[in-house]
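Engineer: Generate coordinates for the sequence data below:
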Amino acid sequence: MLTLASKLKRDDGLKGSRASATASDSTRRVSVRDRLLVKEVAELEANLPCTCKVHFPDPNKLHCFQLTVTPDEGYYQGGKFQFETEVPDAYNMVPPKVKCLTRIWHPNITETGEICLSLLREHSIDGTGWAPTRTLKDVVWGLNSLFTDLLNFDDPLNIEAAEHHLRDKGWHPDGPPHLDGR
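Structural biologist: Now for the predicted structure:
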């Protein structure tokens, strides 16, 4: 992360001295997305829920990161759930793409990792979908909330998981309902 931030500062410092050729200027350009991400990642790290950890496999690519959510309450307490986030070039006009890497029995997450979270929708009927005013912090807090207050059995993506819960409200009393045997 510091590497990209340093690059942005260096590029800003070079704006005043335009002695270099136009071709080399284009190699130093940083996208709007990356400029936003530098600010948003700093804000996210300062306001990360205590049940979440963010990992950037490549500190020069803030647009690709992993999130680990470890709920401390509810059905999924004690579980550890991995998410992969990719922020597209058109960010912040379009939402990040998020996939759950942990196989889980959850009404709002399919077994293949698709996630039903309104703020990740580019277009939403109820007006709660993505908007350019939203940030990565909103996404992380939203994903964290899928394990507590946003757990939705009434409008599920994984209908079987929701029906299972409605039939047997005491499902998986020995721990979180992982599909991979943990």
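Engineer: in stretch 49-66, what counts as buried?
Structural biologist: 49, 51-52, 54, 61-63, 65 (16 or more other CB atoms under 10 Å). Placement of C-beta: from N, CA and C, glycine included.
Engineer: Closest to E86 out of those?
Structural biologist: Distance to E86 across the buried residues of stretch 49-66 (CB to CB) is lowest for H63, with 6.5 Å.
Engineer: Give me the distance from the longest helix anywhere in the chain to the chain's centre.
Structural biologist: What stands out as the longest helix in the chain, according to DSSP state H, is helix 32-46. Offset of helix 32-46 from its chain centre (CA atoms, centre = their mean, to the nearest Å): 13 Å.
Engineer: Please look at L101 and Q82 and confirm they touch.
Structural biologist: Yes. Using CB atoms under 8 Å, L101 is in contact with Q82, at 4.1 Å.
Engineer: Could you pull out the buried residues of stretch 30-42?
Structural biologist: Buried, per 16+ other CB under 10 Å, within stretch 30-42: 33-34, 36-38, 40-41.
Engineer: got JSON lines for those, with distance to W105 too?
Structural biologist: As requested, those are exported to JSON lines (distance: CB to CB, whole Å):
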{"residue": "R33", "distance to W105": "34"}
{"residue": "D34", "distance to W105": "37"}
{"residue": "L36", "distance to W105": "35"}
{"residue": "L37", "distance to W105": "33"}
{"residue": "V38", "distance to W105": "37"}
{"residue": "E40", "distance to W105": "32"}
{"residue": "V41", "distance to W105": "31"}
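Engineer: quick one: which of the residues you listed is nearest P156?
Structural biologist: When the buried residues of stretch 30-42 are compared against P156 (criterion: CB to CB), the nearest one is E40, at 29.8 Å.
Engineer: if we can go back for a sec, more neighbours, L101 and Q82?
Structural biologist: Q82 (16 against 13; other CB atoms under 10 Å).
Engineer: Look at that one and give its secondary structure.
Structural biologist: strand (DSSP: H, G, I helix; E, B strand; the rest coil).
Engineer: Tell me what it is bridged to.
Structural biologist: Judged by DSSP bridges, the bridge partners of Q82 are T68.
Engineer: before we move on, the earlier item: touching both of L101 and Q82, which residues are there?
Structural biologist: Counting by CB atoms under 8 Å, 6 or more residues apart in numbering, the common neighbours of L101 and Q82 are Q66.
Engineer: all strands of the chain, in order?
Structural biologist: Shown for the chain, the strands assigned by DSSP state E span residues 52-55, 64-69, 81-86, 97-100.
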